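Peer 1: build me a model:
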Amino acid sequence: MKQSPKLPPQQRRAELIRAASRVFERVGYVEATTENIAREAGVTKGALYFHFRSKEDIFLETLKAETEALFALCAHAVFVTHG
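Peer 2: Sure, this is the predicted structure:
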């Protein structure tokens, strides 16, 4: 596996969340593995576990990120429409 470049921890964490989101969308939570997520992000499983305790932990973080993005989109739509 070709390793992705070294990134600051917050950037790596964000990339792992984006990769996990793609994997969960493609195969669902049950079929997703931390190995799939790490491969999608171009990192080792050890790197994934440096940032997240478990598949459940990264799943909850993907839900949080997607909920925040949806909330921001809705808030923007309301502001543009009624602002």
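Peer 1: host element of Val43?
Peer 2: Val43 belongs to no helix or strand when assigned by DSSP states H and E.
Peer 1: from what I see, it and Arg12 are in contact.
Peer 2: Yes - with contact defined as CB atoms under 8 Å, Val43 counts as touching Arg12 (7.4 Å). For glycine as for every other residue, the C-beta is placed from the backbone atoms N, C-alpha and C.
Peer 1: near Glu40, how many other residues are there?
Peer 2: By other CB atoms under 10 Å, the residues close to Glu40 number 18.
Peer 1: likewise for Arg18?
Peer 2: 14.
Peer 1: which helix or strand contains it?
Peer 2: Per DSSP H and E: helix 9-31 holds Arg18.
Peer 1: which parts of the next helix or strand after that helix are buried?
Peer 2: For helix 9-31, the following helix or strand on the C-terminal side (DSSP H and E) is helix 34-41. Buried residues in helix 34-41, defined by neighbour count with 16 or more other CB atoms under 10 Å: Thr34, Asn36, Ile37, Ala38, Arg39, Glu40, Ala41.
Peer 1: now do stretch 44-56
Peer 2: In stretch 44-56, counting by 16+ other CB under 10 Å, buried: Ala47, Leu48, His51, Phe52, Lys55.
Peer 1: now render those as a markdown table, adding secondary structure.
Peer 2: Below are the buried residues of stretch 44-56 laid out as a markdown table (DSSP: H, G, I helix; E, B strand; the rest coil):
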| residue | secondary structure |
| --- | --- |
| Ala47 | helix |
| Leu48 | helix |
| His51 | helix |
| Phe52 | coil |
| Lys55 | helix |
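Peer 1: list the contacts of the spatially most central residue of the chain.
Peer 2: With distances taken as CA atoms, centre = their mean, the residue of the chain nearest its centroid is Ile17 (1.4 Å). Contact analysis of Ile17 by CB atoms under 8 Å, 6 or more residues apart in numbering lists Ile58, Glu61, Thr62, Ala65.
Peer 1: try it again at 10 Å.
Peer 2: Ile37, Ala41, His51, Phe52, Ile58, Phe59, Glu61, Thr62, Leu63, Lys64, Ala65, Glu66 (CB atoms under 10 Å, 6 or more residues apart in numbering).
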